[in-house]
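Novice: quick one: sequence and predicted model below, then my questions.
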Amino acid sequence: MTKLDSVLAQIDANFDDSLKRLFTFVGFKSVSTDPAYKDECKKAAEWLANELNGIGIDAKAHETIGHPMVMGHDSDTSEKPGPNVLFYGHYDVQPVDPVELWDDDPFTAKIFEKDGVKMIFGRGSSDDKGQVLTFVEACRAYKEVHGALPINVSILVEGEEESASPSLLPFLNKHKEELSKDLALVCDTTMWDADTPAITTMLRGLMAQEVVITAANRDLHSGAYGGPAANPVRILAKVLADIHDDNGRVTIPGFYDGVEELTPEMKAQWDALPYDAEGFLAEVGLSIPAGETGYSVYEQLNARPTCEFNGIIGGYTGEGFKTVIASKASAKISCRLVGKQDPEAIRANMQAFIRARVPADCMVEFIDHGDAPGHSLSPDFPPLKKGAQALKDEWGKETILSGMGGSIPIVGEFKEILGMDSMMIGYALENDNIHSPNEKYNLESYHRGIRSWARVLAALAEE
């Protein structure tokens, strides 16, 4: 029996105890956005720190301006092969409202069965308490069997991920030297499906911009001024229409600087995925893809940049009719970014693009709403290859190197502040009802998630 085999056997033998610990963790009402649950957040952080200390990871629940940050480092500081890693997750959860839609108490975890599948019920069971404990329990098994982890491990579990993480940046900057490692392991993502593991290798970044165009110094009667007076609604509509061409491409100069095409290997894998593009659109009452011509729906969602209009305001919008030429019109615009696109360069180019289309006697103002770059891992990144093989060994299927259309800000902050890339491995499923009533986590996902992390740690230790 290999060292890894003995660890996997330990995980299986003690799984009932691992499940009890998850039930306890779910029982803390750690809703970070509601001040009424401040004490519950503190209790959850202290419980986790105590569990980590119990397995030889020196941990503490550090006070912040908000909720505590749990930070721990392996007490075994001997030199080990492989990268030094920082595991990241969060212990806070979303509010449970509307509570009447839950089938039972959201903070009393239990096992239920549906269509022959056993699931763990409770708020945070999937997002992210269950996922955090998959890693902790894998470390526990290594410590119990061998007395040591195969690589050097540090852990950071925050308590404000569900409420914009106001304490995170100050904490990262304060503890930069202590937290900067070779690689971050982030467990807050999903599998491809219940039987197929995935590593998220691409995240889209974000650049959000609001534009306000002002023409006349007051609203005007369209009969008295219509024609000669500039209409900001019409100007804005023309500006927005100019941003995309007939093939769905963004026309802002420099917008595609830093956008990288998929490697032939990844494109072939994505093209072979059982992805139902028609069903994806049909679910929201649509049938015709509206993104860039020449790219699949899955590729448009995960590996291509976008520029979307999220709100337009101008003129009279109340009941009935009012023949008015508005003084102002505004739009909210968000760009999802990929690869090495520079959010600030895109913001500057967008503003110049809009200014050039606004008449000289009108005024344009811009309101910035934040930005973050995209994130991607090269398929040749050595830890990625090792992680993918380890997951394949556990699940018996090729690991999907997937993308994610949204953003995970911590990944960008790890790169910018701590100088390290992130490997995002998760065991949640799309139908886990995260952020919704009756959140659940497949029992097998929890069990095999622990086994998967044990395999990943072993793989990373290999020379």
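Specialist: Thanks, I have it.
Novice: could you use CA atoms for every contact and neighbour count after this?
Specialist: Fine.
Novice: where along the stretch 251-400 of the chain do the helices fall?
Specialist: Along the stretch 251-400 of the chain, counting by DSSP state H, counting those that start in this stretch, helices occupy 264-271, 277-282, 297-302, 343-355, 382-395.
Novice: same deal with the stretch 1-150 of the chain?
Specialist: Under DSSP H, counting those that start in this stretch, the stretch 1-150 of the chain gives helices at 3-13, 15-26, 38-54, 129-146.
Novice: which elements pack onto the second one?
Specialist: Counting by 3 or more C-alpha pairs under 8 Å, 6 or more residues apart in numbering; DSSP states H and E, the packing neighbours recorded for helix 15-26 are helix 38-54, helix 129-146.
Novice: of all the helices of the stretch 251-400 of the chain, which one is nearest Ile199?
Specialist: Among the helices of the stretch 251-400 of the chain, the nearest to Ile199 by C-alpha to C-alpha is helix 382-395 (7.2 Å).
Novice: any buried residues in that closest one, and which?
Specialist: Across helix 382-395, burial judged by 16 or more other C-alpha atoms under 10 Å covers Pro383, Leu384, Lys386, Gly387, Ala388, Gln389, Ala390, Leu391, Lys392, Glu394, Trp395.
Novice: which residues are in contact with that helix?
Specialist: 195-199, 377, 379, 398-399, 423, 448, 451-452, 455-456, 459-460 (C-alpha atoms under 8 Å, 6 or more residues apart in numbering).
Novice: just the buried residues of those residues.
Specialist: Buried, going by 16+ other C-alpha under 10 Å: 196-199, 377, 399, 423, 448, 451-452, 455-456, 459-460, out of the contacts of helix 382-395.
Novice: Serialize these to JSON lines and add fields for distance to Val239, pLDDT and secondary structure.
Specialist: As requested, these are arranged in JSON lines below (distance: C-alpha to C-alpha, whole Å; pLDDT from 0 to 100; DSSP: H, G, I helix; E, B strand; the rest coil):
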{"residue": "Thr196", "distance to Val239": "44", "pLDDT": "96", "secondary structure": "strand"}
{"residue": "Pro197", "distance to Val239": "44", "pLDDT": "97", "secondary structure": "coil"}
{"residue": "Ala198", "distance to Val239": "40", "pLDDT": "97", "secondary structure": "strand"}
{"residue": "Ile199", "distance to Val239": "39", "pLDDT": "97", "secondary structure": "strand"}
{"residue": "Leu377", "distance to Val239": "35", "pLDDT": "89", "secondary structure": "coil"}
{"residue": "Thr399", "distance to Val239": "43", "pLDDT": "96", "secondary structure": "coil"}
{"residue": "Met423", "distance to Val239": "39", "pLDDT": "96", "secondary structure": "strand"}
{"residue": "Arg448", "distance to Val239": "52", "pLDDT": "98", "secondary structure": "helix"}
{"residue": "Arg451", "distance to Val239": "54", "pLDDT": "98", "secondary structure": "helix"}
{"residue": "Ser452", "distance to Val239": "50", "pLDDT": "98", "secondary structure": "helix"}
{"residue": "Arg455", "distance to Val239": "53", "pLDDT": "98", "secondary structure": "helix"}
{"residue": "Val456", "distance to Val239": "50", "pLDDT": "98", "secondary structure": "helix"}
{"residue": "Ala459", "distance to Val239": "52", "pLDDT": "98", "secondary structure": "helix"}
{"residue": "Leu460", "distance to Val239": "51", "pLDDT": "98", "secondary structure": "helix"}
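Novice: so Ile312 touches Ala331, yeah?
Specialist: Yes. With contact defined as C-alpha atoms under 8 Å, Ile312 counts as touching Ala331 (4.4 Å).
Novice: follow-up on the earlier one: distance to Ala36 added to the buried residues of helix 382-395, as a markdown table?
Specialist: Listed next are the buried residues of helix 382-395 as a markdown table, based on distance: C-alpha to C-alpha, whole Å:
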| residue | distance to Ala36 |
| --- | --- |
| Pro383 | 42 |
| Leu384 | 41 |
| Lys386 | 44 |
| Gly387 | 40 |
| Ala388 | 42 |
| Gln389 | 45 |
| Ala390 | 42 |
| Leu391 | 40 |
| Lys392 | 43 |
| Glu394 | 42 |
| Trp395 | 41 |
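Novice: circling back to that earlier point, okay, the helices and strands packed on helix 15-26 in JSON lines with distance to Pro409 next?
Specialist: Below are the helices and strands packed on helix 15-26 laid out as JSON lines (distance: least, C-alpha to C-alpha, whole Å):
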{"stretch": "helix 38-54", "distance to Pro409": "21"}
{"stretch": "helix 129-146", "distance to Pro409": "18"}
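Novice: of all the ones you listed, which one is nearest Ala230?
Specialist: Closest to Ala230 of the helices and strands packed on helix 15-26, according to C-alpha to C-alpha: helix 38-54, at 53.1 Å.
Novice: how about residues contacting that closest one?
Specialist: Under the criterion C-alpha under 8 Å, 6+ apart, residues 25, 28-32, 58-61, 67-72, 91-92, 136, 159 lie in contact with helix 38-54.
Novice: could you check the angle it makes with helix 15-26?
Specialist: Note on geometry: by axes from the mean of the first three to the mean of the last three C-alpha atoms, to 10 degrees, helix 38-54 and helix 15-26 are set 150 degrees apart in direction.
Novice: and helix 38-54, which residues are buried?
Specialist: 38, 40-53.
Novice: how does this protein divide into domains?
Specialist: 3-203+374-461, 205-259+305-372 (automatic domain parsing).
Novice: about what we covered before: Ile312 and Ala331 - which one has more neighbours?
Specialist: A direct count of neighbours by other C-alpha atoms under 10 Å for Ile312 and Ala331 places Ala331 higher, at 20 against 16.
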